[in-house]
Structures are given as C-alpha cells and as structure tokens.
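Colleague: A predicted structure for the sequence below; I have some questions about it.
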Amino acid sequence: MARAKISLIGGGQIGGVLAQLCALRELGDVVLFDIVEGMPQGKMLDIAEVARIDQFDVELKGTNSYADIAGSDIVIVTAGLPRKPGMSRDDLLGVNAKIMKQVSEGIKEFAPDSFVIIISNPLDAMVTLCQKVTGFPPERIIGQAGVLDSNRFCSFIAWELGVSVRDVNAMVLGGHGDTMVPIIRYANVNGIPVMEQLVRKYGSEAKAEEVMTAMVERTKMAGGEVVKLLGNGSAFYSPASSAITMAEAILRDQKRVLPCCALLTGEFGVNNYYVGVPCVMGAGGIEKIVEFELDDEICQTSSF
Ligand code: TXD
C-alpha cells in the first residue's frame, strides 16, 4: 500500500518540527514548502540524514513549488508571521490574510482532495479564509488551537496537583485568543473532578476557586507567556505536536475526540462560524461535532 503524503506549507519554526515528527512517527512521505529558497530543502536534508539513527523509512522533500504537494492526503499550514512580544494574535490579520489567500489557492489547485489543518494566526480568521478560498467541505478544513490550549490547561492542573498529566482530562473550547473557554466543571483526573481535589488540598472552596481561576488565566495567556520568554517568535514545539495529533487521528482513523476549530452549522446554537468545539476525528476528517449542555456554570468556578 502506498504511504500517505503529508505536505507542510511554511517551513519555519513549527514547520520544521512538524516535518521531524511526521518522520519519527512514520506518518507518511513529507513535503515541506516555503517561499524562502533553499531553507525547506536544507531542513528536509538535515532530517533525512538521520533516518538511520531515528529508524524511519519515509521520503522527505523540501520545495519552493506548489506542484510538489500534488496528491497530498493532509496539508498542514503554518505559513505566516508569528507574534512578537506585546502583539496580539489579531495584529497579524492583515499580513497573514494575504499569505493565507495565496496558500489556499495553491492547495486548491494542487491538493484538491486533501484534509487541511491550519495553524497560522489569527487562527479562527485564517481557517475561515482558507475554507472560503478553497471551497473545501468543512469536514476537511480544520483549525488547530484547542488541542494545544487544552494540553496547556491539563499541564497546569497536573503541576498543581502533582499528578501525571496523562491522567488529566480538560478541554478548552471557543476562540484561540482571550475568548477561549476552559471548561472547568468537567476537568478531571481519571474521572475525579479537579475542583473537588483542589478543595481537599486547600481545605476551602474560596481558595480552590482562586487556584483554578489562576490556572484558567494562565491558560488564556499561555501563548503570550512563551512569546515573552522567547523574545523572538512564538511557541513551536507544542503547536507542532498538537497538529500531529490531529493528522494522526485522520490518517489512522482513530476517532479521537479532540477540541478543534470547526465550522458550526447550528451546533451549540451557532451558525456559520468557526469555533473550537470537541470533534470526532477520523478518516473522514471532522466526522462529528460532539455537543453537550453548555452554560455559564460549566465554565465558572463558582458553579462548584
Ligand atoms: O496553536 C496555534 N494555532 C499557534 C499558531 C501557536 C503558535 C504559533 N501560531 C502561528 O503559527 C504563528 O502566529 C504564525 O502565524 C504561524 C507560524 O509560526 P512559526 O513560529 O512557524 O513562524 P515562522 O518560523 O516565522 O515560520 C513561518 C514561515 C516562514 O518560514 C516564512 O518564510 C513562511 O512561513 N511564509 C510562507 N510560506 C509559504 N507561502 C507564503 N506566502 C509565505 N509567507 C511566509
């Protein structure tokens, strides 16, 4: 059986890590596209030359030509500028919208049957634009933000409670920005509510709420925290891993339930907007949007 083909548009910080992860997990043959000449070719040669140590058998190609993405099963887009300290994601809109339009036209022409995972910011606007330009069905145009935001929230909970992050389940839904919504009521460690454990740890509901609120706020600002520390550019390991989780769910038909930026057509009472919601991800891309009762109580600590 032929290997899957994954194309990565944007060969910068996230694009490079994506390429390496695709190779390490043998997800398929990988094409790395960028407008900068030589850079994607250099990165792919660099990764390919360690295949013996890392034990993978996939083909890796760097390119400046859209023709090379032909036949892609999945395209992951990171093309566009990252934030600088002090910038909001929305400050990137003007410049990245122009780039996204070009990229979407390239995908439409050369990889018309692909699933597209968008990472570029401002995420919600970029996914919407890509869907409009390509005209691809919504189950094939998906934004990555919720997997990362949720993992950040899970990490903060695990560090606070001193437990393995593998046993923490918590979701962040909504937009990828200040409007993101960490779902507090359902956050749990192997089924045991996080709020209950915080009350036991601190012996008071007020203190538990204070600690949870701090974790929620840190989650919302987590991208900016990394931007500030790096001083130049934004997070790149974590968004790459998050997008690979989504790509793997599609390629291996895993039916994972992942928070993704998906086009809503009536779900949660929302029509025609891309919003972060839990999705069943499998061979059909977004196979189902998982709806559940959503009210203020689920998102606020005081509901406990
Ligand atoms: O979770 C998330 N969704 C995100 C998103 C988390 C962190 C960062 N996120 C955003 O991803 C970030 O705000 C940026 O908009 C993208 C890419 O971040 P990255 O850190 O990889 O940026 P780089 O290193 O600057 O790489 C961008 C590459 C760079 O190599 C440019 O040459 C290339 O994009 N680029 C283009 N590629 C193709 N086509 C065009 N037109 C183009 N223009 C620039």
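Modeller: Arrived safely, thanks for sending.
Colleague: how about the residues of the stretch 151-300 of the chain near the ligand?
Modeller: For the stretch 151-300 of the chain, the residues in contact with the ligand under the definition C-beta under 6 Å from any ligand atom are His176, Gly223, Gly233, Ser234, Ala235, Phe236, Pro239. In short, each C-beta sits where N, CA and C put it, glycine included.
Colleague: what does the stretch 1-150 of the chain put close to the ligand?
Modeller: By the rule C-beta under 6 Å from any ligand atom, the part of the stretch 1-150 of the chain lying against the ligand is 9-15, 34-36, 78-83, 92, 96, 99, 102-103, 119-121, 123, 144-145, 148.
Colleague: which of those residues are buried?
Modeller: Among these, those classed as buried by 16 or more other C-beta atoms under 10 Å are 9-15, 34, 78-83, 92, 96, 99, 103, 119-121, 123, 144-145, 148.
Colleague: buried residues in stretch 62-74, which are they?
Modeller: Gly62, Thr63, Tyr66, Asp68, Ile69, Ser72, Asp73, Ile74.
Colleague: residue contacts, the third one?
Modeller: Right, Tyr66. For Tyr66, the contacting residues are Phe33, Gly106, Glu109, Phe110, by C-beta atoms under 8 Å, 6 or more residues apart in numbering.
Colleague: list the contacts of stretch 82-92.
Modeller: Around stretch 82-92, the neighbours that count as contacts under C-beta under 8 Å, 6+ apart are 12-13, 80-81, 121-123, 125, 176-177, 223-224, 227-228, 231-234.
Colleague: same check on stretch 160-168?
Modeller: By C-beta under 8 Å, 6+ apart, the residues outside stretch 160-168 that reach it are 154-155, 157-158, 187-190, 194, 197-198, 201, 211, 215.
Colleague: the same query, at a cut-off of 7 Å, please.
Modeller: Contacts to stretch 160-168, defined as C-beta atoms under 7 Å, 6 or more residues apart in numbering, come from residues Cys154, Ser155, Ile157, Ala158, Val189, Asn190, Gln197, Val211, Met215.
Colleague: shouldn't the third one be within a helix?
Modeller: What that stands for is Ile157. Yes. Secondary structure assignment (DSSP: H, G, I helix; E, B strand; the rest coil) places Ile157 inside a helix.
Colleague: go ahead and confirm it touches Ile192.
Modeller: No. The pair Ile157 and Ile192 does not pass the contact test of C-beta atoms under 7 Å, sitting 11.6 Å apart.
Colleague: host element of the closest residue in space to Tyr202 that isn't next to it in sequence?
Modeller: In space, and not counting its chain neighbours, Tyr202 is closest to Ala208: 5.4 Å by C-beta to C-beta, 6 or more residues apart in numbering. Using DSSP states H and E, the element containing Ala208 is helix 205-220.
Colleague: send me the helix or strand that that helix is followed by as PDB with only the CA atoms.
Modeller: Along the chain past helix 205-220, the next helix or strand (assigned with DSSP H and E) turns out to be helix 222-230. Extracted C-alpha coordinates of helix 222-230, given in PDB (Å, rounded to 0.1, in the frame of the first residue of the first chain):
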ATOM      1  CA  ALA A 222       0.000  30.800  27.800                       C
ATOM      2  CA  GLY A 223       0.900  31.600  24.200                       C
ATOM      3  CA  GLY A 224       1.900  35.100  25.300                       C
ATOM      4  CA  GLU A 225       3.900  33.800  28.200                       C
ATOM      5  CA  VAL A 226       6.100  31.800  25.800                       C
ATOM      6  CA  VAL A 227       6.300  34.700  23.300                       C
ATOM      7  CA  LYS A 228       7.600  36.900  26.100                       C
ATOM      8  CA  LEU A 229      10.200  34.400  27.200                       C
ATOM      9  CA  LEU A 230      11.400  33.600  23.700                       C
END
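Colleague: number the chain from 30, please
Modeller: Got it, first residue is 30 now, which makes that one helix 251-259.
Colleague: helix 251-259 vs helix 234-249, what angle?
Modeller: Direction vectors for helix 251-259 and helix 234-249, defined by axes from the mean of the first three to the mean of the last three C-alpha atoms, to 10 degrees, enclose an angle of 60 degrees.
Colleague: buried residues in helix 251-259?
Modeller: Using 16+ other C-beta under 10 Å, the residues of helix 251-259 that count as buried are Ala251, Gly252, Gly253, Val255, Val256, Leu259.
Colleague: can you redo those residues as TSV with pLDDT and distance to Glu296?
Modeller: What follows is these, written out as TSV (pLDDT from 0 to 100; distance: C-beta to C-beta, whole Å):
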residue	pLDDT	distance to Glu296
Ala251	96	26
Gly252	95	26
Gly253	94	29
Val255	97	31
Val256	94	32
Leu259	96	36
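Colleague: closest to Glu168 among those?
Modeller: For the buried residues of helix 251-259, the residue nearest Glu168 by C-beta to C-beta is Gly252; the value is 26.7 Å.
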